[in-house]
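[1] Have a look; sequence and predicted model below, questions after that.
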Amino acid sequence: IAKAASGVTGTPYNELMNSWGVYFLGFVGKYGYDRILKVLGRHVRDFVNGLDNLHEYLRFSYPKVQPPTFFCQEESATGVTLHYRSETRRRRDIDRLSDIRPKEQGKQRDGNSANAMESWGDGSRCLKLKGQMRYMPEWESIIFLGTPVMESLSAMFRTGLYINDLSMHDSSRDLVLAGTQQSEELKRALIQVHSANVNRHKHPVFPDVTILFSDVVGFTRICSHITPMQVVSMLNTMYTLFDTLSEKHRVFKVETIGDAYMVVAGAPEKTTYHAHNICDMALDMVPVLVAGIHSGMVVAGVVGHKMPRYGLHGDTVHTASAMETTMTTYNYDLVLNV
């Protein structure tokens, strides 16, 4: 695709690939990965090694991705010795300083196997290993030095491994324990919501908040031309981007209904900059869709037993929704009513 684009646009291939890399950094930044890249390493060598470990972590979220693997062997004042391996061929050419050819290409050895066995298993319990191949001249053999890669405690139980089987010098243990910590944090969050639900009769009043309603213009028409799975994929991509923007501008997502997205600033945490935060959020959203904004007083609280949900109530909510309907009717991009 890159070569075809280079031929159509007249842009050199290397320049096009470099521009794609610059754009990709901005693209991953929209989904929050820029914060991870900023803390991968203090120096170039640490950053490259950390990036390789990050690729292993992302394989659990994106199973079909095939990232390259690389590590820095040594670093000096003149440069870094980098080992790079990729399953994707015909990538950008890498400058080759010299070819290292072993004197002995191969050696035939005749021998008998003391024990030859065939596995009766179905192969369902597979184990993924990460490591490197190293030649041992004393043994005249090549050995594989690796550690298992596990994404959860349940996966370790299925394969018959334990925590002490994982290496202490890489991120294997941290990855498993981080997943367990996230599960515990989710449980604590649910407990907090349940505790708030028990005291739901104490609904606090927020005198100054700003609410934003957004909508995709022509959403029904768009859905009529694509498959249901494409609709789900589109909404998932859109909501993931908006969730990142909500964290960036310090606003709270209340709910999503279909293509509608509702956020509030000033509740549940009060702030004097609620209008500024919502407007910054809206300006980032307007190139994609349209939004309606209104400021005022609301009553907030957690409602429901089986599925507790944080909700807002009051005329401010209805007015903000009406602003969103108004801008859809009159073809505006953004409607404010403070």
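    Structure received. Numbers count the residues shown, from 1 in each chain.

[2] Show me the helices in the stretch 1-150 of the chain, by range?
    Ranges of helices in the stretch 1-150 of the chain, per DSSP state H, counting those that start in this stretch, are 2-9, 13-29, 34-37, 44-61.

[3] ranges for the helices of the stretch 201-338 of the chain?
    With helices called from DSSP H, counting those that start in this stretch, the stretch 201-338 of the chain shows them at 219-223, 228-248, 274-285, 315-329.

[4] Which of those helices sits closest to K128?
    Ranking these by proximity to K128 (Cβ to Cβ) places helix 228-248 first, at 26.7 Å. Where you see a C-beta, it was placed from the backbone N, CA and C, and this is true even at glycine.

[5] For that closest one, which outside residues touch it?
    By Cβ atoms under 8 Å, 6 or more residues apart in numbering, the residues outside helix 228-248 that reach it are 30-32, 214, 216, 222-223, 226, 252-253, 256, 259, 261, 263, 281, 284-285, 288.

[6] What of stretch 217-224?
    Residues outside stretch 217-224 that contact it (Cβ under 8 Å, 6+ apart) are 216, 231, 234, 258-259, 289-290, 328.

[7] Selecting buried members of the residues you listed in PyMOL, what would you type?
    Remark: buried members of those, expressed as a PyMOL selection using 16 or more other Cβ atoms under 10 Å:
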select buried, resi 216+234+259+289+290+328
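
[8] domain ranges for this protein?
    Following automatic domain parsing, the chain resolves into domains at 128-198, 203-337.

[9] Can you report how many residues lie near the nearest residue to H43 once chain neighbours are set aside?
    Distances taken as Cβ to Cβ, 6 or more residues apart in numbering place E75 nearest to H43, at 7.9 Å, with adjacent residues excluded. Using other Cβ atoms under 10 Å, E75 is surrounded by 15 other residues.

[10] still on that earlier bit, please identify the most buried of the helices of the stretch 201-338 of the chain.
    Mean neighbour count, computed with mean count of other Cβ atoms under 10 Å, is highest for helix 274-285 among the helices of the stretch 201-338 of the chain, reaching a mean of 20.

[11] what distance separates that one from the centre of its chain?
    Helix 274-285 sits 23 Å away from the centroid of its parent chain (Cα atoms, centre = their mean, to the nearest Å).

[12] quick one: average pLDDT of it?
    Averaging pLDDT along helix 274-285 gives 88.

[13] which residues does A267 contact?
    Going by Cβ under 8 Å, 6+ apart, A267 touches 206, 209, 252, 298, 300, 312.

[14] next one: phi and psi at it?
    In terms of degrees, to the nearest 10, the main-chain angles of A267 are phi -150, psi 140.

[15] Please report how far the residue lying closest to it once chain neighbours are set aside lies from A322.
    Spatial nearest neighbour of A267, excluding adjacent residues (Cβ to Cβ, 6+ apart): F206 at 4.4 Å. F206 sits 20 Å away from A322, going by Cβ to Cβ, to the nearest Å.

[16] Just name the most buried of the helices of the stretch 1-150 of the chain.
    For those, the highest mean count by mean count of other Cβ under 10 Å goes to helix 44-61, at a mean of 16.

[17] my read: T256 touches R309, true?
    No: with contact defined as Cβ atoms under 8 Å, T256 and R309 do not form a contacting pair (11.6 Å).

[18] Looking at these two, which has the bigger crowd around it?
    T256 (16 against 12).

[19] Now for the more buried one: which residues touch it?
    When contacts are counted by Cβ under 8 Å, 6+ apart, T256 touches 239, 262.

[20] Next one: the residue nearest to H43 from G41, what distance?
    E75 sits 12 Å away from G41, going by Cβ to Cβ.

[21] what touches both of the two?
    Joint contacts of E75 and G41 (Cβ under 8 Å, 6+ apart) do not exist.

[22] in this protein, which strand has the most residues?
    For the chain, the strand with the greatest residue count under DSSP state E is strand 290-303.

[23] Report all helices and strands that that strand contacts.
    Counting contacts by 3 or more Cβ pairs under 8 Å, 6 or more residues apart in numbering; DSSP states H and E, strand 290-303 packs against helix 172-198, strand 205-215, helix 274-285, strand 309-313, helix 315-329, strand 334-337.

[24] Need the mean per-residue confidence for it.
    Strand 290-303 shows a mean pLDDT of 83 in the predicted model.

[25] Next, the buried residues of that strand.
    Those would be 290-296, 298, 300-302, for strand 290-303 by 16+ other Cβ under 10 Å.

[26] can you check stretch 148-159 too?
    Using 16+ other Cβ under 10 Å as the test for burial, stretch 148-159 gives 148-151, 155-156.

[27] Can you list the low-confidence ranges for the stretch 151-300 of the chain?
    Residue ranges of the stretch 151-300 of the chain with pLDDT under 70: 151-153, 163-203, 287-288.

[28] mind running it again at 80?
    Scanning the stretch 151-300 of the chain for pLDDT under 80 picks out 151-204, 217-218, 286-290.

[29] what's the closest of the buried residues of stretch 148-159 to R85?
    Once Cβ to Cβ is applied, the member of these that ends up nearest R85 is V149, at 16.6 Å.

[30] what's near enough to touch H313?
    Neighbour list for H313: 203, 298-301 [criterion: Cβ under 8 Å, 6+ apart].
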